[in-house]
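*Asks:* Have a look at this fold, sequence not included:
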């Protein structure tokens, strides 16, 4: 089978398209999946560049979707021909957060899904939503579940709430879509006027260009008559968190999952305390949460936004497209 391997000294020019042995036949409790798609995340880019979890020879990509080709003895949840999608933390099945690293995350600590076939324990995958293409399903593993957990699981999102999203990457666009699905109002930021127009067409009630408005937190307060938003989906990190604290209401919820502007910085702790907000760090979610999200998608007419699709052999070009910030929503890979 074909696969991509990361080779030292890392970087996009060292993603090698190679031949490998086919995945082994499934043993008891295992499934064999013919992989059909991946989707890109900032995390995958970091691995490919040697910044996050890279190891010589690693197969990258944490998001995988495909069709079950064979099931091992004792597997009752899946049947041959089922469409499935991978789990980011394959060992976190249910319950509260219990993972603080990526040692067991496919495409980081262990081999991922940039290949044509894989055999894994059955619980490493869930059913894909009905009517989804394989690329659409692959977008759910990381970005989709992160947005779902941020707003619905951790945030307790309800109809009438206000949500602020930052930028137009996968998590942010999923957050916009989930918020609308739940009957919430959405405000959004971007640095691109073209992308702002797309945000407006998708129902963002108010938008701003953060490059033209450094104090955008105050603008969001104005939009909400001084109250602030109920939820902020904070994907930027240290450079944007102070403005997010300003934009969020007293007692509001800030879901922090982004490092796009770095991994440390100054936080206005006095303002944070005075506003009695809840900043909650999170990394993706559990298998049970993924199943709950997919049940909600099956009950609603919502499809992810895929900006562009690339073949597996052009994975480096897909990362370059991501690197340039050209995408809106997700980038898909066809296998």
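*Replies:* That came through, no problem. Given the structure is predicted, the values throughout are model-derived calculations rather than measurements.
*Asks:* State the distance from the most centrally placed residue in the chain to residue 112.
*Replies:* Closest residue to the average C-alpha location of the chain: residue 143 at 1.3 Å, with C-alpha atoms, centre = their mean. According to C-beta to C-beta, to the nearest Å, residue 143 stands 15 Å off from residue 112. In short, each C-beta sits where N, CA and C put it, glycine included.
*Asks:* circling back: tell me the confidence at the residue nearest to the centre of the chain?
*Replies:* Residue 143 carries a pLDDT value of 98.
*Asks:* Could you find the closest non-adjacent residue to it?
*Replies:* Leaving aside its chain neighbours, residue 143 sits nearest to residue 170 (3.3 Å; criterion: C-beta to C-beta, 6 or more residues apart in numbering).
*Asks:* Go ahead and confirm that neighbour touches residue 41.
*Replies:* Yes - between residue 170 and residue 41 there is a contact at 6.7 Å, judged by C-beta atoms under 8 Å.
*Asks:* Name the residue in the two with the higher neighbour count.
*Replies:* residue 170 (30 against 26; other C-beta atoms under 10 Å).
*Asks:* ok, that one - contacts?
*Replies:* Contacts here follow C-beta atoms under 8 Å, 6 or more residues apart in numbering; on that basis residue 170 touches 39, 41, 139, 142-144, 329-330.
*Asks:* And for residue 176?
*Replies:* Contact partners of residue 176, counting by C-beta under 8 Å, 6+ apart, are 163, 165, 186, 188, 199, 202-204.
*Asks:* do residue 134 as well
*Replies:* So, once contact is read as C-beta under 8 Å, 6+ apart, residue 134 ends up touching 36-37, 65-66, 83, 128, 334.
*Asks:* mind running it again at 6 Å?
*Replies:* Residue 134 makes contact with 36-37, 65, according to C-beta atoms under 6 Å, 6 or more residues apart in numbering.
*Asks:* can you check residue 192 too?
*Replies:* Listed by C-beta under 6 Å, 6+ apart, the contact set of residue 192 is empty.
*Asks:* next one: residue 82
*Replies:* Per C-beta under 6 Å, 6+ apart, neighbours of residue 82: residue 68.
*Asks:* What are the structural domain limits within this structure?
*Replies:* Per the record, the chain has its domains at 2-144+285-334, 155-281, by automatic domain parsing.
*Asks:* The nearest residue to residue 243 once chain neighbours are set aside: neighbour count?
*Replies:* Nearest residue to residue 243 in three dimensions, chain neighbours excluded: residue 217, at 3.8 Å (C-beta to C-beta, 6+ apart). Neighbour count for residue 217, taken as other C-beta under 10 Å: 21.
*Asks:* now swap in residue 237 and tell me
*Replies:* Around residue 237 there are 19 other residues, counting by other C-beta under 10 Å.
*Asks:* Touching, it and residue 257? I think so.
*Replies:* No - at 9.1 Å, residue 237 does not count as touching residue 257 under the criterion of C-beta atoms under 6 Å.
*Asks:* Span of stretch 57-76 from start to end?
*Replies:* 34 Å (C-alpha to C-alpha, to the nearest Å).
*Asks:* Stretch 35-45 now?
*Replies:* Start-to-end span of stretch 35-45 (C-alpha to C-alpha) is 20 Å.
*Asks:* what sits against the residue nearest to the centre of the chain?
*Replies:* Contacts of residue 143 (C-beta under 6 Å, 6+ apart): 170-171, 174.
*Asks:* one more time with 8 Å
*Replies:* Contacts for residue 143 (C-beta under 8 Å, 6+ apart) come out as 39, 41, 169-171, 174, 330.
*Asks:* Can you name the residues that contact the residue nearest to residue 243?
*Replies:* 242-247.
*Asks:* same thing but at 7 Å, please
*Replies:* For residue 217, the contact set (C-beta atoms under 7 Å, 6 or more residues apart in numbering) comprises 243-244, 246-247.
*Asks:* Same check on residue 311?
*Replies:* residue 334.
*Asks:* do you know how far it is from residue 116?
*Replies:* 12 Å.
*Asks:* Likewise for residue 261?
*Replies:* Taken as C-beta to C-beta, the span from residue 261 to residue 116 is 36 Å.
*Asks:* The two - which one has more neighbours?
*Replies:* Neighbour comparison, residue 261 and residue 116: the larger count goes to residue 116, with 18 against 13 (by other C-beta under 10 Å).
*Asks:* Mind listing what's buried along whichever strand or helix holds residue 289?
*Replies:* Taking DSSP states H and E as the criterion, residue 289 maps to helix 287-298. Within helix 287-298, the residues scored as buried using 16 or more other C-beta atoms under 10 Å are 287, 289-290, 292-294, 296-297.
*Asks:* Would you mind giving those as JSON lines with pLDDT and distance to residue 150 added?
*Replies:* Output for the buried residues of helix 287-298, formatted as JSON lines (pLDDT from 0 to 100; distance: C-beta to C-beta, whole Å):
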{"residue": "287", "pLDDT": "98", "distance to residue 150": "17"}
{"residue": "289", "pLDDT": "98", "distance to residue 150": "11"}
{"residue": "290", "pLDDT": "98", "distance to residue 150": "14"}
{"residue": "292", "pLDDT": "98", "distance to residue 150": "14"}
{"residue": "293", "pLDDT": "98", "distance to residue 150": "11"}
{"residue": "294", "pLDDT": "98", "distance to residue 150": "17"}
{"residue": "296", "pLDDT": "98", "distance to residue 150": "14"}
{"residue": "297", "pLDDT": "98", "distance to residue 150": "16"}
